[in-house]
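Undergrad: Requesting a structural model of the entry that follows:
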Amino acid sequence: MNYETVIGLEVHAQLLTKSKMFCSCSTDYINAPPNTHVCPVCLGMPGTLPIVNRKAVEYTAMTALALNCTINDSTKFDRKNYSYPDLMKGYQISQYDAPVGRQGCLTIDSNRTKKRINITRVHLEEDVAKLWHKEGYSLIDVNRSGVPLMEIVSEPEISSPEEARDYLIMLHSILRYLEVSTCNMEEGSFRCDANLSIRPKGSRKLLSKVEVKNMNSFKAVYQAMKYESKRQRSVLEEGGELVQETRGWVDEKGVTVSQRGKEYADDYRYFPEPDLPPLIFDKTWIEEIRVKLPELPEARKQRFMAQYGVPLYDASILTSSKALASYFENCLELMDKGKAKLISNWLLGDFSRLLNATNTNIETTKVSPEHLAEMVNLVDEGIISGPASKAVFEEMFYSGKRANAIAAEKELSQISDVAKVRGAVKKVIANNAKAVSDYKAGKQQALMFITGQVMKTTRGRANPALVKEILIQELGGKQVA
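TA: From the prediction side, this is the model:
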């Protein structure tokens, strides 16, 4: 029987606030000693009262608006009850039937096909503590407990591992543009759980749902979905039965493993949080948030193509990162906009290569937009040759020096002096009699060889156009001024 895959994603993003969701403890827990950013509230002590973090609510509303959600007139918090060792109170303050935002959508471009993925809800909750598993025992660090956590739940409308990956990449980019989260997957500030089912092709009835956890990269999500989709088909083909369960992704082995039975909503025994009143959203406040929304990746991509004439591929990569897109535009503010493609080529080529090789962010690079624009102009004006520019740029990247200073220091400036180029041409002609003879016999390849020898003699510094012109003249062509 032919089956089709159905995936729904639950994305958790830690919000970039200074204090926790329901207390004033610092959220900067990554480098802090264990159990130092804690208080009676986030430790879950009896008799403590939570207070809502206004900035976290604002960031959640901002995200919901960016995802085309309807903002509810009011929202409330609920208690989600379950007993895990990392849950300090024995319940989590979350949201159930009255989230901040609902009925949104996100359009992805997967395999050159646009697809709209509907978003069920965007809601707010608190993160849990972190367990450190040792041999035979576990330790608990409460620093993370209570950090504001936003959850974005998609409808089960994702049809393949590729679409799941593309959805996450787009959502990750949007949150970075909004600057509501660091979205660092390695640190856990952007996490994803996936619900995957299969069903007979053409049927509306889903078979048992499996939740997959512990995926900490886009690649891991793609591979886990691919594996799980294949595993479920194999179970049925072998005569087995699928069960609703939670499975964990083991990255080292490339498999999912069963962890526990999957809970239903009723198992959590949701009820309204008695210590927090409902929040009523003022429409003026919501509109103020809407006005502050930045230009988002898709809109910026379309503008880059229309305004600067860069192709779709370039525009897609340039706008995938807010910092990269801003760097690109900062360069163009200093030069002719017609050179947009030249800047794009550098950013997506040698610049990206060196950033990746050194694990450097473009925000902290030593090459400023002013320095890159200056170097591109020097190449375009023929002061630095194309081959020499790569060496100049690499020195700029590591030293922070300007292009003209490096070119002068390393004698890399392009030679456009007619007398100097003519001298190099005559020397090469004198030393390559056979190639000269071949050229005069009509073999055009010989001219390319002679040109290469001139460039080699001048260490790539001779102006290529001038070299060709003088060569033709010296070999019996037109005179050069």
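
Undergrad: ok, now which ones touch residue 2?
TA: Each residue near residue 2 by CB atoms under 8 Å, 6 or more residues apart in numbering is listed here: 200-201. C-betas here are computed from N, CA, C, even on glycine.

Undergrad: Which residue is the nearest non-sequential neighbour of residue 247?
TA: Of all residues not flanking residue 247 in the chain, residue 256 sits nearest, at 4.1 Å (CB to CB, 6 or more residues apart in numbering).

Undergrad: and the host helix or strand of that neighbour, which strands flank it?
TA: For residue 256, the host element (DSSP states H and E) is strand 255-261. Strands that pair with strand 255-261, judged by DSSP bridges, come out as strand 245-250 (antiparallel).

Undergrad: Output the strand it pairs with in PDB, but only the C-alpha positions, please.
TA: Presented in PDB, the C-alpha positions along strand 245-250 are these (Å, rounded to 0.1, in the frame of the first residue of the first chain):
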ATOM      1  CA  GLU A 245       4.500   7.100  21.600                       C
ATOM      2  CA  THR A 246       7.400   9.600  22.100                       C
ATOM      3  CA  ARG A 247      10.700   8.700  20.500                       C
ATOM      4  CA  GLY A 248      14.100  10.300  20.800                       C
ATOM      5  CA  TRP A 249      16.500  11.000  17.900                       C
ATOM      6  CA  VAL A 250      20.000   9.400  18.400                       C
END
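
Undergrad: mind checking how far the residue nearest to the spatial centre of the chain is from residue 424?
TA: Closest to where the C-alpha atoms of the chain average out (CA atoms, centre = their mean) is residue 173, at 5.4 Å. For residue 173, the distance to residue 424 (CB to CB, to the nearest Å) stands at 50 Å.

Undergrad: residue contacts, residue 40?
TA: residue 48.

Undergrad: What separation do you get for it and residue 88?
TA: The gap separating residue 40 from residue 88 is 10 Å, by CB to CB.

Undergrad: now do residue 242
TA: Counting by CB to CB, the gap from residue 242 to residue 88 is 34 Å.

Undergrad: higher neighbour count, these two?
TA: For residue 242 versus residue 88, neighbours defined as other CB atoms under 10 Å are more numerous around residue 88 (20 against 16).

Undergrad: and the residue nearest to residue 251 when sequence neighbours are not counted, what element?
TA: Distances taken as CB to CB, 6+ apart put residue 220 closest to residue 251, at 5.6 Å, once the chain neighbours are dropped. Residue 220 is located in helix 218-237, with elements delineated by DSSP H and E.

Undergrad: Quick check: which helices or strands does that helix pack against?
TA: strand 3-14, helix 161-178, strand 190-200, strand 210-215, strand 245-250, strand 255-261 (3 or more CB pairs under 8 Å, 6 or more residues apart in numbering; DSSP states H and E).

Undergrad: Least reliable of those by average pLDDT, please.
TA: Of all these, mean pLDDT reaches its minimum on strand 255-261 (a mean of 88).

Undergrad: Could you list which residues are in contact with residue 197?
TA: Taking CB under 8 Å, 6+ apart as the criterion, residue 197 is in contact with 5-6, 156, 206-210, 232.

Undergrad: Make a PyMOL selection of the buried ones in those residues.
TA: Buried residues among those (16 or more other CB atoms under 10 Å), as a PyMOL selection:
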select buried, resi 5+6+156+207+209+210+232
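
Undergrad: could the contacts of residue 197 be laid out in CSV, adding distance to residue 315?
TA: Shown next, in CSV, are these (distance: CB to CB, whole Å):
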residue, distance to residue 315
5, 30
6, 32
156, 31
206, 37
207, 40
208, 42
209, 38
210, 37
232, 38
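
Undergrad: Out of the contacts of residue 197, which is nearest to residue 380?
TA: Of all the contacts of residue 197, residue 380 sits closest to residue 5, with 49.6 Å by CB to CB.

Undergrad: contacting residues around the closest residue to the closest one other than its chain neighbours?
TA: In space, and not counting its chain neighbours, residue 5 is closest to residue 229: 4.7 Å by CB to CB, 6+ apart. By CB under 8 Å, 6+ apart, the residues touching residue 229 are 5, 161, 196, 198.

Undergrad: Who wins on neighbours among those residues?
TA: residue 196 (26 neighbours).

Undergrad: how much space between that residue and residue 337?
TA: On the measure of CB to CB, residue 196 and residue 337 end up 46 Å apart.

Undergrad: cool, and residue 18?
TA: Distance, residue 18 to residue 337, by CB to CB: 40 Å.

Undergrad: so where do the strands sit in the stretch 251-400 of the chain?
TA: Using DSSP state E, counting those that start in this stretch, the strands assigned to the stretch 251-400 of the chain run over residues 255-261, 271-272, 279-280.
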